[in-house]
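> sharing a sequence plus its predicted fold:
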Amino acid sequence: MISEVVMPQMGADMVEGTILAWRKQEGDAVERGEIIAEIETDKANVEIEAFESGIFRKTLAQEGDIVPVGGIIALIAAANDDVSAYATATPAAPAAAAPVPAMAAAVAPASTPAASAVAAPPRENGRLRASPVARRIADERGIDLSGLHGSGPDGRIIKRDVEAAATAPAPAAAPPAAAAPIGASKMRQAIARRMAQSKREAPHYYLTVDIDMTDAAAFRKQANTALSADQRISVNDLIVRACALALQRHPAFNVTFEGDHPVRRDAQHVCIAIALDDGLIAPALLDAGRKTLAEIAVASKDLVARAKGGLLRPDEITAGTFSTTNLGAYGIEALIGIIQPPQTAILGIGSVMPQPAVHDGAVAVRDVMKVALSADHRITDGAQGAQFLAEIKRLLEHPLLLVL
Amino acid sequence: MPEITYREALRQTLRYQLRHDERVFLMGEDIGAYGGSYAVTKGFLHEFGERRVKDTPIAESVVVGAGIGAAMAGLKPMVELMTINFSLLAIDQIVNNASKLYYMSNGQINVPIVIRMAGGAGSQLGAQHSQSLESWYAHVPGLKVVVPATPYDAKGLLMTAFDDENPVIFIEHTALYTSKGEVPEEAYRLPFGKAEVFREGTDVTLIGYSGSLHQAARAADQLAADGISCEVLNLRTLRPLDTDAILASVRKTNRAIVVEDDWQFGGFGAEIAAIIQERAFDDLDGPVLRCSGADVPTPYNGALEQAALPQETDIIRMVRGMV
C-alpha cells in the first residue's frame, strides 16, 4: 500500500509550509511514529512523523520547498509498490529562492512574478480536484474553480477555498499568481521580522536637515590626493566619523535595548547598511569613535567586502549601537530609515546634489545632502534629536573638525 | 435528576413493564436464580416469581422460538440472550420467523418480542465473545435494532421497545453497564428513528452509537481545544435510522466520519456513508470516512484488543486530516 505523506495543517490559518530538512532518505526503512521531516510554518518549526511503516520510497519536495497544506511531500510504501505514477504528480512548488533585490523590495510593483511559489490547481487525470460542495457553491456564485488554490487534503479545493474566493475583493477569475505568496529566504524572513518588530514596538520620530557638503567634498578630495588607495576616504566615511563624534557628545542616541531595558553604550559601533543580492545587512564598524578617518576608511572597505562575502564576525552583526543607511549612490534625494532593533536611532542619507543655496549671504551652487534621523521616542525627544542632528551637520560642514 | 447506571436504567424499565403489563414476562439463561450475566435482572425472580421470570436451558434457538410463539399467542416476552455472540445460535428464529411472520401472514400475526443482548468488545472476553454484529440484524426488514449509548437512552428506548407490536433487537454494550448518567425517576419513552445531537458543532459530523458514541464525544472534546468543532450524533436506533438527522448535520458541517466498533467491511458505517453520498453529495467537502474496528477477530490480549478498536486518537487523526 502506498501511503502519501502530506503537508500537515498545524493551526487553522496555515496554508503552506516549508520543508526544512528530511530526516529520512529515499530507500530508508521507516516505522510508524518515526520523525521523517522537519517543516517550517509561519509560526514554528515542527517535526512530522510517519503515519505508516514501510520504506521511505520517494520525496516529492526538496528541502526549502514550499508546499501547500495537504500537498503530497513523500511516499511511504512497500519496496515493491510502483510509485512511478507520482514522478510528476508533485503539487510541491519550488521555493522562491530567486532573490528579491534588497532595497528595491519595498518599491517593487505588486505584480512581481512569484509564479514559482504558486501551486497549480490540483488536477487528476485532467479533472480538477474539488469537493462536491465546493463545486456547488462555485456554480451558484459563478466562481471559476480553476483559478483557486486547494487547501484540502491532497490539495483538493474545498468549501473554504471557494468561500474565500467569493469574499475576496479581487475578481474570482483572477489568476492565482496575483495573490500568491512570495517564497522567502531566511534573510528576507529575518528582515521582515526585525523591521516589523521595529515598526510595531518603537515609536519613530523623524527629523530632516540639509547639510552643505561643499567643504567636505573639497576636504575629501584634498586628503585623498595624499592617501594610499586603501585609505581613500568616501563621503560615507566622513558621515560615519561625524556620527561617531556626535554620538560621543549626545550619548542618548547610543542606546540599545537589552530585553526591555535601554542601556547606554560606551563605544560607538556605527552600522553601515549594505545591499546584498538577496537582501540587506547592516554590520557594525566597531569602535568608530576611536578610529581616525583613515582607519574608518580602511575598516569600512574591509567591512563591505566581508559582508558581501558572508564573512562577517558575530560582533559586527550584533554589537551595533547606531546605524547609517545611504542610498546616495542611487541618486536618492532623501531616505527615512527604520530603526534596527535593539538600536534606537538610524541616520538615512541621500545623495550629495549640486543645488542653489544661500552661502555667506549670497545664492551659490552648493553640494547639498539631505539626511533624516529616525529615532525611538521612548528614549529621546525631538529637541535632543535636533541637537544631535545639528552636531552632525556642524561636523560635516566643518570637515576639519573630523580630524581634530 | 438522579444519576444511575446503564444497568439500573434497564432494570427500572423491566420492573415497570412487569408491574404494569400482565402479558410481560422475562426469559433467558441465568436471568433468574443467578440474576443475569450482567446482573440486569438481579432479584427479579424473588420479586416477581417464576411465572414472570424464567430460567431456560442453554439452547438459544429454543428460547427465542418459545418467545416468538408466546408473542404470537398474545404475550409480551422479553428474551435475554446474554450476548450478541450467542444470538447466532438463534439467528434462524430471529431472521426467518420473528422478522417475517407479520409480512407472511399479511399482517394477521404480530410478534411483539423484545430480544435483549450485550454486544461490543473491550473487556478481554476473547474473539468469540467480543463482536459487534448489530449490522447483521439491521440488515433485515422486519426487525428494529436499538443501540442505547447512555442510561437515559437505555431506560427510554427499552420502554418504547415494549410498546412495539413487532420484534425489537435491543443491543446493550458490555462496557457500558456501569456507566452513569442522569435519568428521570418516572417512566418515559424515546422514539425509535430519532437520533440525538449529542454535541453541537460546525466543522465535522461524528456519527456514533452505543460504545462508539463515547469515543466520538471524547475525540470531539479534545479537538475543541484546538478550535475544531465536531458535531456528535447519537443514532440510538440503527433501524429505523434517522437519516434526516444525519443529512441535516452533514449539510451543516459538510464532512462526516462514522465511528463504529464494528468491522468496516460491509459494516453499518458503509450504509451511512452510502446514504450520505446518495442524498447529500453536493454538500460534501470530502469523502465520508469510517473509523472502524480492525479487520481481524478481536484479540484477547488487552493492548491488542484496544489497538483493534477505534480509539479517540484514531478519530482525532482522521478529523485533522480532513479539515
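Thanks, I have it. This is a predicted model, so every value here is computed, not measured.
> just give the nearest non-adjacent residue to the closest residue to chain A within the stretch 51-200 of chain B, would you?
Relative to chain A, the nearest point of the stretch 51-200 of chain B is B:Glu200 (18.8 Å; C-beta to the nearest C-beta). Where C-beta positions appear, they are placed from N, C-alpha and C, glycine not excepted. Among residues not flanking B:Glu200 along the chain, B:Glu231 sits closest, at 5.7 Å (C-beta to C-beta, 6 or more residues apart in numbering or on different chains).
> what is the helix or strand encompassing the one you found packed up against?
Taking DSSP states H and E as the criterion, B:Glu231 maps to strand B:230-234. Under the contact criterion of 3 or more C-beta pairs under 8 Å, 6 or more residues apart in numbering or on different chains; DSSP states H and E, strand B:230-234 touches strand B:196-199, strand B:204-208, helix B:210-225, helix B:243-253.
> take the ones you listed and write them to CSV, including mean pLDDT and mean neighbour count.
Below are the helices and strands packed on strand B:230-234 laid out as CSV (pLDDT from 0 to 100; neighbours: other C-beta atoms under 10 Å in any protein chain shown):
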stretch, mean pLDDT, mean neighbour count
strand B:196-199, 98, 18
strand B:204-208, 98, 29
helix B:210-225, 96, 22
helix B:243-253, 97, 19
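> residue 259: neighbour count?
All of this is about chain A. Using other C-beta atoms under 10 Å in any protein chain shown, A:Gly259 has 7 neighbouring residues.
> should've been chain B
By other C-beta under 10 Å, the residues close to B:Val259 number 30.
> got a list of what the most centrally placed residue in chain B touches?
Nearest to the geometric centre of chain B sits B:Val147, at 1.7 Å (C-alpha atoms, centre = their mean). Counting by C-beta atoms under 8 Å, 6 or more residues apart in numbering or on different chains, B:Val147 touches B:134, B:171, B:173, B:209-210, B:235-238.
> so the chain: which segments form each domain?
No chain specified, so I'll use chain A. With domains defined by automatic domain parsing, chain A comprises A:3-86, A:103-184, A:187-402.
> oops, wrong one, chain B.
Using automatic domain parsing, chain B is parsed into the domains B:3-182, B:196-322.
> for the last one, measure first residue to last.
Read that as domain B:196-322. Criterion C-alpha to C-alpha, to the nearest Å; first-to-last residue distance in domain B:196-322 is 24 Å.
> stretch B:138-154 too?
Stretch B:138-154 end-to-end distance (C-alpha to C-alpha) = 18 Å.
> quick one: mean pLDDT over it.
If you average the pLDDT over stretch B:138-154, you get 98.
> next: stretch A:301-308.
Taken as a whole, stretch A:301-308 has a mean pLDDT of 90.
> could you measure from the residue nearest to the centre of chain B over to B:Asp261?
According to C-beta to C-beta, to the nearest Å, B:Val147 and B:Asp261 sit 10 Å apart.
> please enumerate the shared neighbours of those two.
In contact with both B:Val147 and B:Asp261: B:Ser210, using C-beta under 8 Å, 6+ apart.
> point out the residues in the stretch 201-323 of chain B that sit beside chain A.
For the stretch 201-323 of chain B, the residues in contact with chain A (C-beta under 8 Å from any C-beta of the partner chain) are B:227, B:254, B:281-286, B:317, B:320-323.
> what about burial for those, which qualify?
Neighbour-count burial (16 or more other C-beta atoms under 10 Å in any protein chain shown) applied to these gives B:254, B:283-286, B:321-323.
> which two in these are spaced the farthest apart?
B:Asp283 and B:Gly321 (19.5 Å; C-beta to C-beta).
> report pLDDT for residue 72.
In the absence of a named chain, this looks at chain A. 88.
> that's the wrong chain, I meant chain B
The per-residue pLDDT reported for B:Met72 equals 97.
> show me the contacts for the residue lying closest to it once chain neighbours are set aside.
Ranked by C-beta to C-beta, 6+ apart and with sequence neighbours excluded, the top spatial neighbour of B:Met72 is B:Ile109, at 5.6 Å. Taking C-beta under 8 Å, 6+ apart, we find B:Ile109 in contact with B:72, B:101-102.
> distance of B:Ile109 from B:Val140?
B:Ile109 is 17 Å from B:Val140, where distance means C-beta to C-beta.
> circling back to that earlier point, burial check on the residue of the stretch 51-200 of chain B closest to chain A, number of neighbours?
By the criterion of other C-beta under 10 Å, B:Glu200 has 12 neighbours.
> that one reaches B:Leu233, doesn't it?
No: B:Glu200 is not in contact with B:Leu233 according to C-beta atoms under 8 Å; the separation is 10.2 Å.
> name the residue of the stretch 201-350 of chain A that lies nearest to chain B.
For the stretch 201-350 of chain A, C-beta to the nearest C-beta, closest residue to chain B: A:Glu201, 28.1 Å.
> go ahead and confirm that residue touches A:Thr344.
No: A:Glu201 is not in contact with A:Thr344 according to C-beta under 8 Å; the separation is 10.9 Å.
> low-scoring stretches of the chain, by residue?
If you meant another chain, say so; for now it's chain A. Where chain A drops to pLDDT under 70, the residues are A:10-13, A:42-45, A:87-126, A:169-184.
> can you pull the residues of it lying near chain B?
Counting by C-beta under 8 Å from any C-beta, chain A comes close to chain B at A:6, A:8-9, A:12, A:51, A:131-136, A:152-153, A:156, A:158-159.
> and the buried ones among the residues of the stretch 201-323 of chain B next to chain A as JSON lines, adding pLDDT?
Below are those laid out as JSON lines (pLDDT from 0 to 100):
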{"residue": "B:Asn254", "pLDDT": "96"}
{"residue": "B:Asp283", "pLDDT": "94"}
{"residue": "B:Leu284", "pLDDT": "95"}
{"residue": "B:Asp285", "pLDDT": "94"}
{"residue": "B:Gly286", "pLDDT": "93"}
{"residue": "B:Gly321", "pLDDT": "91"}
{"residue": "B:Met322", "pLDDT": "90"}
{"residue": "B:Val323", "pLDDT": "86"}
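> in helices only, show me the residues you listed.
Of the positions in those, B:321-322 sit in helices, assigned by DSSP state H.
> save the buried ones among the residues of the stretch 201-323 of chain B next to chain A as a markdown table, and put in distance to A:Leu395 too.
Shown next, in a markdown table, are those (distance: C-beta to C-beta, whole Å):
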| residue | distance to A:Leu395 |
| --- | --- |
| B:Asn254 | 69 |
| B:Asp283 | 74 |
| B:Leu284 | 73 |
| B:Asp285 | 67 |
| B:Gly286 | 69 |
| B:Gly321 | 65 |
| B:Met322 | 67 |
| B:Val323 | 63 |
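> any idea which helix or strand carries A:Gln222?
A:Gln222 belongs to helix A:214-225, assigned by DSSP H and E.
> can you list the buried residues in that helix?
A:214, A:216-217, A:219-220, A:223.
> quick check, nearest of those to B:Tyr34?
A:Ala216 (108.8 Å).
> picking that back up, correct me, but the residue nearest to B:Glu200 touches B:Ile207?
No: contact criterion C-beta under 8 Å: B:Glu231 and B:Ile207 do not qualify, at 9.2 Å.
> mind saving the C-alpha coords of the strand or helix carrying A:Leu389 as CSV?
Using DSSP H and E, the element containing A:Leu389 is helix A:382-397. Output in CSV follows, covering the C-alpha atoms of helix A:382-397 (Å, rounded to 0.1, in the frame of the first residue of the first chain):
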residue,chain,number,x,y,z
GLY,A,382,12.7,65.7,19.2
ALA,A,383,14.7,68.6,20.7
GLN,A,384,17.5,66.1,21.6
GLY,A,385,17.3,64.7,18.1
ALA,A,386,17.6,68.3,16.7
GLN,A,387,20.7,68.9,18.7
PHE,A,388,22.3,65.6,17.7
LEU,A,389,21.5,66.2,14.1
ALA,A,390,22.8,69.8,14.3
GLU,A,391,26.1,68.4,15.7
ILE,A,392,26.4,66.0,12.7
LYS,A,393,25.7,68.9,10.4
ARG,A,394,28.3,71.1,12.1
LEU,A,395,30.9,68.5,11.9
LEU,A,396,30.3,67.7,8.2
GLU,A,397,30.1,71.4,7.3
